[in-house]
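Sequence first, predicted coordinates after that:
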Amino acid sequence: MTTLDWTALILFFFCWLGYGPVLALVARWAGSLNADMVHVRRAWMTAMTHREIRLLDSQLMGHTINSASFFASTNLLLIAAVAGILFGGESALRGLAAVGAEGVPVKLLEGKLALVMACLARGLLDFIWSIRQMNYTIALIGSAPEVAEGADRTAYGEAVSRVLNPALSAFSQGVRAYYFSLAAAAWLFGPIWLAVGVVAAFSLMLWRQEGSPAARAIRDARRLLSHP
């Protein structure tokens, strides 16, 4: 590996591992879409406890689980495809190199594919944990008491939201893995492409959290929910 490869790889790991802490730091003074959604979901679960018929909540959770399952299945297929090339022998690697990575040593090419697979594997684990927690949330929604005091309903909604929010945070982390997998795949074309890819992915995700129209709209909705 060249010095440029090492530099781009260090930048990749800094952005990949540092995105969460950086987002949490930014959210403290400017807010973020994820932080606002924590409050929105808490309001949803509190409203759920006040509904006599919770068919709407069940349907929404079912849709969310289907989305997570779709991403997990797609992730597994991508892992299988990358593993097929990585462990398919030198001929498979050389076939990939002919697409745009000519002259790259086989060992370095294996390292590049391993980085892509590591990102996808991390995302798959996040999706699996997300689906598990969503199933816990469904059980809590189904067991919500029909008759209870107002304070009890609010406390129960808070408890359910403490399961739902980590579930959807894990889902977001799984989706995030796709961004970094694409950045890692750009390394096949050279270290400059890796650096450009990871900076682009990092910047795009931060913008979507802070300045996108969806982020601004959800921030407004959170204010309305906090001060009805």
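Structure received. Residues are numbered from 1 along each chain as shown.

Show me the helices in the protein, by range?
Secondary structure of the chain by DSSP state H: the helices cover 3-30, 33-49, 55-86, 90-100, 106-142, 150-185, 191-210, 213-226.

Sketch out the low-pLDDT regions of the chain for me.
The model of the chain has pLDDT under 70 over residues 88-104, 147-151, 227-228.

One more pass at 90, please.
Across the chain, residues meeting the criterion (pLDDT under 90) sit at 1-5, 20-35, 43, 45-63, 80-114, 141-158, 185-191, 209-212, 215, 220-228.

circling back: including mean neighbour count, could the helices of the chain go into TSV?
For the C-beta atoms, the positions are set from N, CA and C on the backbone; glycine is no exception. Rendered in TSV, the data for the helices of the chain read as follows (neighbours: other CB atoms under 10 Å):
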stretch	mean neighbour count
helix 3-30	14
helix 33-49	19
helix 55-86	16
helix 90-100	13
helix 106-142	19
helix 150-185	19
helix 191-210	18
helix 213-226	14
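
Pull the contacting residues for the residue nearest to Leu76 when sequence neighbours are not counted.
With CB to CB, 6 or more residues apart in numbering as the criterion, Leu76 has its nearest non-adjacent residue at 6.2 Å, and that residue is Leu124. Residues in contact with Leu124, defined by CB atoms under 8 Å, 6 or more residues apart in numbering, are Ala72, Asn75, Leu76, Ile79, Gly174, Ala177.

Quick check: chain neighbours aside, which residue is closest to the last one?
Looking back up the chat, that one is Ala177. Gly123 (2.7 Å).

residue contacts, the one you found?
Residues in contact with Gly123, defined by CB under 8 Å, 6+ apart, are Phe71, Asn75, Gln173, Gly174, Val175, Arg176, Ala177, Tyr178, Ser181.

repeat for Asp57
When the contact criterion is CB under 8 Å, 6+ apart, the partners of Asp57 are Trp44, Met48, Arg51, Ile141.

show me the contacts for Met1.
With contacts defined as CB under 8 Å, 6+ apart, Met1 is in contact with Leu9, Leu108, Gly111.

Now flag whichever of the residues you listed is closest to Leu225.
Distance ranking of those against Leu225, using CB to CB, places Leu9 first at 42.8 Å.

just checking, the closest one touches Leu194?
Yes: using CB atoms under 8 Å, Leu9 and Leu194 qualify as a contacting pair, with a distance of 7.2 Å.

Now the common contact residues for those two.
Taking CB under 8 Å, 6+ apart as the contact criterion, the residues that touch both Leu9 and Leu194 are Trp187.

Leu224 versus Phe70, what's the distance?
The span separating Phe70 from Leu224 equals 31 Å under the rule CB to CB, to the nearest Å.

again, but for Pro213
Per CB to CB, Pro213 is found 17 Å from Leu224.

what do you get for Leu4?
Distance of Leu4 to Leu224, computed by CB to CB: 50 Å.

hmm, back to that, closest one of the contacts of Asp57 to Gly84?
Relative to Gly84, the closest of those is Ile141; by CB to CB it sits at 40.2 Å.

residues contacting that closest one?
Each residue near Ile141 by CB under 8 Å, 6+ apart is listed here: Met48, Arg54, Asp57, Ser58, Met61, Val160.
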